[in-house]
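Chemist: Next input, structure requested:
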Amino acid sequence: MSEPKKKANGLALLPFVIFIVIFLGAGLYYQAQGVEMAFYQFPSVAAMFIAVLIAFLMTKGSIDERFALFSKGAANVDVLTMLMIFLLAGAFSTVAGEMGGRDATINLGLSIIPVHFLAAGVFIISAFMGTATGTSMGTISAIVPIAVGVADKGGLSIPLFLGACVGGAMFGDNLSMISDTTIAATRSQGCEMKDKFRVNFLIALPAAIVTIVLLLIFGRPETVTDLGNLEYSIIKVIPYILVLVLALSGLNVFLCLTIGIFSAGIVGLLTASMTLSTFAQAIYNGFISMNETFFLSLFCGGMAEMVTHNGGIEWLVQTLGKMMKGNKSSQIGIAALVSLADCAVANNTIAIILSGPMAKKMAKAHKVDPRRTASLLDVFSCVFQGIIPYGAQLLSASSLTAAYGVAISTVEIIPNIWYCWILAVVAVASIFIPFADGITRKDPWNYEYDCAESGVEAKKAMLKAESGHPETEL
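Modeler: Reported below is the predicted structural model:
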């Protein structure tokens, strides 16, 4: 049997609104007062904690029942996966930095790549790695430490380099055939990955090209710093190269980062850059360096489950559904639906899973090709996941800058994620000027395309899709 339909309740979204108002409001207030590190004066975790308390107060049931609901969201496999990646990424960054690998890698990069082209280079490398690995988080954790160090050493804008890295990572996450978002989008709409990729590629490629051109033009420093004689040891660069190669080969991100941690430690021991004791301390320091990101993600996951239980997401679905009157307005509605869902749950995969069933109904009602719908779900969830200040990608990028003694808030990075902003414009334009619809069918709903949408039949349909034999081949 299918689960009972949740009652729509727009008020259920209040906790997220409160968090955003407190976090952004406090940061803007202190910034107007001229306070340094304005967005760190009121910790984001404290703002999220207040929002969680509001969610508890708004949820019916005993305290034990409410906490069980919160725990279900906090213990979600996607949340726990992100938390482990955070911890391992922090440890790798710290250990590699302690043994001198970061400085060696930075000096090597600055010796090879002209300073003028570094910003565009970071975007391209991140895009390639993200596409190959299917994980924006793994890409960011591997590239950001190098990108920040290069920018700092070369006298370039650190927020710009972080924006280039995050933008490239989201490009890869959006297009990769092994990305969770691609899998969720194609499964929910009942289409094949290769077909969704073709539609998606025609939207993402123009945005990427424009981004690269802009980074080549405006990403150049006004004055080039004389870097002098840059010395580096190749052996200390090996852990970074190893992590990149393993990630690009498709190795699980946990194994990739774990191997990176111990390879950096071994190099440190061999070069006498650290002792066994300092190696262990560096791992621990790397873990605790991610505490803000860890707690924020944990709270956000639990609160998102409570908001969904209270009908917040259902309210979004029903409200947007009433506004759709035709093919193009339906596409706009689907884009808005997944965008708002991502803003609410701060996880693009979960946002697609929540929005998918309703998006499919909207698409069928207004004859929007399923491959087009899958592309819209993936594109707009990635756009907003890349620019919300409390999203895992920006939180991770911001946290990894601490190793350099600089504090770059997520809000400072957002204006520099040019790719996500350009992608949004290109995607909206593709709705009204269907340049990406060349491969789609003229009338996809003339034949039975649906998979069962609930219960046992839905599970059977998913298993068939996973095996490469969906119910209906396109």
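
Chemist: From now on I want contacts and neighbour counts done on CA atoms only, so please keep to that.
Modeler: Fine.

Chemist: pretty sure Gly27 contacts Ala47?
Modeler: No - if you go by C-alpha atoms under 8 Å, Gly27 and Ala47 don't touch, sitting 11.3 Å apart.

Chemist: neighbour-wise, which of those two wins?
Modeler: Relative neighbour count places Gly27 above the other of Gly27 and Ala47, with 23 against 19, counting by other C-alpha atoms under 10 Å.

Chemist: So for the helix or strand harbouring the more buried one, mean pLDDT?
Modeler: Element membership for Gly27 (DSSP states H and E) is helix 14-32. Mean pLDDT, helix 14-32: 82.

Chemist: which other helices and strands contact it?
Modeler: Using 3 or more C-alpha pairs under 8 Å, 6 or more residues apart in numbering; DSSP states H and E, the elements in contact with helix 14-32 are helix 44-58.

Chemist: Give the buried residues for the helix it packs on.
Modeler: 44-52, 54-56, 58 (16 or more other C-alpha atoms under 10 Å).

Chemist: Tabulate those (TSV), appending pLDDT and distance to Ser329.
Modeler: As requested, the buried residues of helix 44-58 are arranged in TSV below (pLDDT from 0 to 100; distance: C-alpha to C-alpha, whole Å):
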residue	pLDDT	distance to Ser329
Ser44	79	36
Val45	85	38
Ala46	89	39
Ala47	87	36
Met48	86	34
Phe49	93	37
Ile50	94	37
Ala51	91	33
Val52	93	34
Ile54	95	34
Ala55	93	33
Phe56	95	36
Met58	93	33
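
Chemist: With distance to Leu205 as extra columns, can I get these in CSV?
Modeler: Converted to CSV, the buried residues of helix 44-58 look like this (distance: C-alpha to C-alpha, whole Å):
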residue, distance to Leu205
Ser44, 34
Val45, 36
Ala46, 39
Ala47, 37
Met48, 36
Phe49, 40
Ile50, 41
Ala51, 38
Val52, 39
Ile54, 42
Ala55, 40
Phe56, 43
Met58, 44
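
Chemist: quick check, nearest of the residues you listed to Leu269?
Modeler: Nearest to Leu269, judged by C-alpha to C-alpha, of the buried residues of helix 44-58 is Val45 at 36.5 Å.

Chemist: Which strand or helix spans the closest residue to the closest one other than its chain neighbours?
Modeler: Distance criterion C-alpha to C-alpha, 6 or more residues apart in numbering; nearest residue to Val45, sequence neighbours excluded, is Leu296 at 5.3 Å. In the assignment (DSSP H and E), Leu296 maps to helix 291-309.

Chemist: Summarise which helices and strands that helix is packed against.
Modeler: Applying 3+ C-alpha pairs under 8 Å, 6+ apart, one finds that helix 291-309 makes contact with helix 44-58, helix 63-74, helix 77-98, helix 327-345, helix 392-399.

Chemist: Helices of the stretch 101-250 of the chain, residue ranges please.
Modeler: Applying DSSP state H, counting those that start in this stretch to the stretch 101-250 of the chain gives helices spanning 101-112, 118-133, 136-154, 158-175, 180-189, 193-218, 234-248.

Chemist: Thanks a lot, catch you later.
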